[in-house]
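A.B. asks: Okay, here's the prediction I keep looking at, along with the sequence it came from:
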Amino acid sequence: MANDFGAAGDELDLSNSATQVFVEVLTLAVSALAGREWEYRFAALLALQDQNVMGRGAVGFDLAELDWGDSAEERGAAKDFVLRVVGLAARRHRWDDLGYAPPYAEACLRRFHEIVERFDPAGARPAGDVLPVEGCGACCVRHRVLSALPFWDGCVFCHR
């Protein structure tokens, strides 16, 4: 089974192991950058990609199904945030905390960055349940990342 991240026809298709790495490095980055409501909602979306809770091969999201905001300014800020998160992850932010060397993570992040860059949020058709209304507001003190509360206890690192 595989997990898809991106937009229809322009997707990053990841194995289960690659998905775990992808979600972990993005979690480290989103936890460092989130500061506004939409950003915490995106962090919650990443938290929901935890295969140890959701099931292997059962995660992924389509950018076109996210609610990027009502105005061009909101959509631009949201897209910029996602690009900054991916960029920070690609610069190996806190990768020493992973406890392993992710050999393919940079290529996956580069590909996802390209997908997000090409994506036009103005054409999104939000599905109400994809981007959580309630964002991550709690921090996992042990791992120093945003936790999956209120969805479940712990973070992606707690569930390893």
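C.D. replies: Great, that's in hand.
A.B. asks: alpha carbons only for contacts and neighbour counts from here, please
C.D. replies: Will do.
A.B. asks: Buried residues in stretch 119-127, which are they?
C.D. replies: Residues of stretch 119-127 classed as buried: Phe119, Asp120, Pro121, Ala124, Pro126 (neighbour count, 16 or more other Cα atoms under 10 Å).
A.B. asks: isn't the third one right up against Asp80?
C.D. replies: No - the pair Pro121 / Asp80 is not scored as a contact, 10.9 Å apart, by Cα atoms under 8 Å.
A.B. asks: Distance check, Leu14 against Leu33.
C.D. replies: For Leu14, the distance to Leu33 equals 24 Å [Cα to Cα, to the nearest Å].
A.B. asks: Name the residue in the two with the higher neighbour count.
C.D. replies: Neighbours were counted for Leu14 and for Leu33 using other Cα atoms under 10 Å; Leu14 has more, 19 against 16.
A.B. asks: The more buried one reaches Val21, doesn't it?
C.D. replies: No - here Leu14 does not reach Val21: they are 9.9 Å apart, not a contact under Cα under 8 Å.
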